[in-house]
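# heads up, no residue letters with this:
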């Protein structure tokens, strides 16, 4: 045995002294008690299912009794006949009928049904009368789905509509059409809703297995989602029991996996295992003596690893022999050499990184120093009541902060406010009064948007629409009262539209055509007759942020200027602005 490899020696000793006796004794004990335990478990589980089924049957009986009382009570049917076509309570007679129906309805509900069962009466005009304090508005959106399952040709018969999923509380609905033999048509529909939590609470008493309540079609009402009615025909790899409720054909299904079954059986095996322990201890002593000798190289490896982890990087394993363990020891020594070199390299890199971080921190101090200085100047001007220049400095500080955090996202509302600060600075530089008008739909104000994406469009409107032209800004000859820029944001179907318009000098048609072609293909090659490469950068950044379907285009407007239009598709089927996400950063 000791001439075998290390792996084979460990495996053989383990199989001989531990696994073989344990498997033999456990298998014998398992087959001796399996059948008796299985019969006891089946009997216990079926008794539990019968108790739960009786509780559910009682609830169904109560609901059936309540519906029979409503259908057979002549006074109640007369009130329903008078209330059948009422849309809302417009008269005292309507209110009197409503009060009578509500009083009888509430009395029936409180006397016969539990708190988790609610009844609703719906007349032909879908006026809902609840038996309790429920809001009728919560049921109204679900009426089309429920009515589609009701057969109005079968009046005065309980109809099982199934489970209706709802965010608040899912309910299983039962319907009964109330038919008026006088008018030969139905006067109302009685809906009985049993909360799913009622069934779930009853099924929680089953702790050690999977249990579910299924309707007559095999659809799940409550319990484990892993159980289906069709599973009863599959290979018997799970213990299964079923109880059918005679009232409505519902099924209570119980299943327990073999692993759970073995876990229950294992509790009984403890007594038998105690008898086996004596033999296991004897075999373990022999295994301990052999494994201790085999464990010495592993213990040496553990000591070397501990010393290396404590900082003694030059420690290595002693290699003896030519077996697998010797090969592993050589490989580990090589790994330790490489790891030691990697540690030295990492320490050197960390030192270099620390120096770079200090330099980067020093570089960050400069713009903050500039902002603090500008803020001090602004405060000084405000103390001197120079609001014009303090406002200009405040706008400049807002732009500087934006450029310092260029990669951060902003909202459309913040972007438009930033454009207002930018125009304040440009007015001071160009000495041209410019009026900015912003119109953003309320639901789009918090839309995430790349910072300073609108700035090149506004800058283009000022420099090429107002500054580079001889437009009369005083309104003496041309009739243009003031240079204006409009920023509009609105949603058109499944597209978010952002427009930046001006009343400047406009653009030649051929030049406008070349500009649209350039931004459409996002070409970086400069046009020899047109140098506005910043607009191409805007188009590229727009596509990077919102996808290839986002577009930028330019067109003349009714103010004789140019309108830049961004179109951003709404990617989701819901068409809400929360579905627009930027991928640029």
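Ah, there it is. These numbers were taken from a predicted model, which means no experiment stands behind them.
# now do the phi/psi pair for residue 158.
Main-chain torsions, residue 158, degrees, to the nearest 10: phi -70, psi 130.
# and stretch 301-314, what's buried?
304, 308 (16 or more other CB atoms under 10 Å). Using the backbone N, CA and C atoms, a C-beta is placed for each residue, glycine as well.
# contacts for it, please.
In this structure, residues lying in contact with stretch 301-314 by CB atoms under 8 Å, 6 or more residues apart in numbering are 315, 316, 317, 329, 332, 336, 339, 340, 343.
# between these, which sits nearest residue 122?
For those, the residue nearest residue 122 by CB to CB is residue 339; the value is 75.8 Å.
# next SSE after the helix or strand where the closest one lies?
Using DSSP states H and E, residue 339 sits within helix 324-383. For helix 324-383, the following helix or strand on the C-terminal side (DSSP H and E) is helix 387-404.
# what mean pLDDT does the helix or strand just after that next one have?
The helix or strand immediately downstream of helix 387-404 is strand 409-411, counting by DSSP H and E. The pLDDT scores in strand 409-411 average 87.
# so what are the sheet partners of strand 409-411 and their directions?
strand 448-450 (antiparallel) (DSSP bridges).
# what residues sit buried inside the strand it pairs with?
Applying a neighbour-count criterion of 16+ other CB under 10 Å, the buried positions in strand 448-450 are 449, 450.
# make 56 the first number, not 1, from now on.
Sure, I'll start counting at 56 from here, so that last one is strand 503-505.
# from the chain's centre, how far out does it sit?
In this view, strand 503-505 has its centroid 22 Å away from the chain centroid, taken as CA atoms, centre = their mean, to the nearest Å.
# repeat that for stretch 146-159.
Centre-to-centre, stretch 146-159 and its host chain are 46 Å apart (CA atoms, centre = their mean).
# just the residues contacting that stretch, thanks.
Defining contact as CB under 8 Å, 6+ apart, one finds that stretch 146-159 is touched by 125, 128, 131, 134, 135, 137, 138, 141, 143, 144, 176, 184.
# just those now: which is nearest residue 337?
Closest approach between those and residue 337, by CB to CB: residue 125, at 78.0 Å.
# can I take it that that closest one is in a strand?
No. Membership of residue 125 in a strand is not supported by DSSP: H, G, I helix; E, B strand; the rest coil, which gives helix.
# residues in contact with it?
131, 159, 160, 163, 176, 231, 233, 245.
# do residue 176 as well
Contacts of residue 176 (CB under 8 Å, 6+ apart): 125, 135, 156, 160, 183, 184, 243, 244, 245, 246.
# show me what contacts residue 281?
Here residue 281 is in contact with 265, 310 (CB under 8 Å, 6+ apart).
# need the three-state assignment for it.
Following three-state DSSP, we place residue 281 in the coil state.
# any idea how far it is from residue 298?
18 Å (CB to CB, to the nearest Å).
# just residue 128 next, same as before
Distance of residue 128 to residue 298, computed by CB to CB: 34 Å.
# can you check residue 397 too?
66 Å.
# do the same with residue 504
Separation of residue 504 from residue 298 (CB to CB): 60 Å.
# what do you get for residue 152?
Counting by CB to CB, the gap between residue 152 and residue 298 amounts to 44 Å.
# and residue 114, by the same measure?
Taking CB to CB, one finds residue 114 at 15 Å from residue 298.
# likewise residue 445?
82 Å.
# quick one: which of residue 397 and residue 298 has more around it?
Higher neighbour count among residue 397 and residue 298: residue 298, with 19 against 10, using other CB atoms under 10 Å.
# is it true that that one touches residue 110?
No. Contact criterion CB atoms under 8 Å: residue 298 and residue 110 do not qualify, at 11.8 Å.
# burial count for residue 101?
16.
# which residue ranges form the strands in the stretch 56-205 of the chain?
172-178, 183-185 (DSSP state E, counting those that start in this stretch).
# mind putting those strands in CSV, distance to residue 510 and mean pLDDT included?
Formatted as CSV, the strands of the stretch 56-205 of the chain follow (distance: least, CB to CB, whole Å; pLDDT from 0 to 100):
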stretch, distance to residue 510, mean pLDDT
strand 172-178, 58, 83
strand 183-185, 56, 84
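# what's the most buried one of the ones you listed?
strand 172-178 (a mean of 22; mean count of other CB atoms under 10 Å).
# how about residue 232, secondary structure?
Following three-state DSSP, we place residue 232 in the strand state.
# residue 238: which of the strands of the stretch 56-205 of the chain is closest?
Closest among the strands of the stretch 56-205 of the chain, using CB to CB: strand 172-178, at 12.5 Å.
# what pairs with that closest one, parallel or antiparallel?
strand 183-185 (antiparallel), strand 240-250 (antiparallel).
# and for the longest one, what's in contact with it?
Read it as strand 240-250. Contacts for strand 240-250 (CB under 8 Å, 6+ apart): 114, 118, 121-122, 125-126, 132, 135-136, 138-139, 168, 171-179, 194, 201-202, 205, 207, 210, 219, 224-235.
# any of these buried? List them.
Among the contacts of strand 240-250, those classed as buried by 16+ other CB under 10 Å are 114, 118, 121-122, 125-126, 132, 135-136, 138-139, 168, 171-178, 194, 201, 205, 210, 219, 225-235.
# that older thread, tell me the one among the contacts of residue 125 nearest to residue 577.
Residue 577 lies nearest to residue 176 out of the contacts of residue 125, by CB to CB, at 63.9 Å.
# wait, which of the strands paired with strand 172-178 is closest to residue 568?
Across the strands paired with strand 172-178, residue 568 has its closest neighbour in strand 183-185 (61.8 Å, CB to CB).
# residues in contact with the closest one?
Strand 183-185 is contacted from outside by 153, 156, 157, 160, 173, 174, 175, 176, 177, 191, 194, 195, using CB under 8 Å, 6+ apart.
# can you lay out the residues you listed as CSV showing distance to residue 517?
CSV is the format used below for those (distance: CB to CB, whole Å):
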residue, distance to residue 517
153, 67
156, 71
157, 69
160, 71
173, 65
174, 69
175, 64
176, 68
177, 64
191, 59
194, 58
195, 55
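# can you pull the pLDDT of residue 509?
90.
# quick one: it and residue 553 touch, right?
Yes. At 7.5 Å, residue 509 counts as touching residue 553 under the criterion of CB under 8 Å.
# what touches both of the two?
Overlap of the contact sets of residue 509 and residue 553 (by CB under 8 Å, 6+ apart) consists of residue 542.
# which of these two has more neighbours?
Legend: neighbour count by other CB under 10 Å for residue 509 and residue 553, higher for residue 553 (25 against 22).
# quick check: pLDDT value at that one.
For residue 553, the pLDDT comes out at 96.
# and it, what element?
Using DSSP H and E, residue 553 falls in strand 550-557.
# helices of the stretch 56-205 of the chain, start to end?
With helices called from DSSP state H, counting those that start in this stretch, the stretch 56-205 of the chain shows them at 61-69, 75-127, 129-138, 147-167, 191-194, 198-202.
# for the stretch 506-640 of the chain, same thing?
Ranges of helices in the stretch 506-640 of the chain, per DSSP H, counting those that start in this stretch, are 510-517, 564-576, 588-601.
# kindly reformat the ones you listed as a markdown table containing distance to residue 366.
Output for the helices of the stretch 506-640 of the chain, formatted as a markdown table (distance: least, CB to CB, whole Å):
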| stretch | distance to residue 366 |
| --- | --- |
| helix 510-517 | 55 |
| helix 564-576 | 60 |
| helix 588-601 | 48 |
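# now tabulate the ones you listed in a markdown table and tack on distance to residue 96 and mean neighbour count.
Listed next are the helices of the stretch 506-640 of the chain as a markdown table, based on distance: least, CB to CB, whole Å; neighbours: other CB atoms under 10 Å:
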| stretch | distance to residue 96 | mean neighbour count |
| --- | --- | --- |
| helix 510-517 | 75 | 22 |
| helix 564-576 | 73 | 15 |
| helix 588-601 | 61 | 18 |
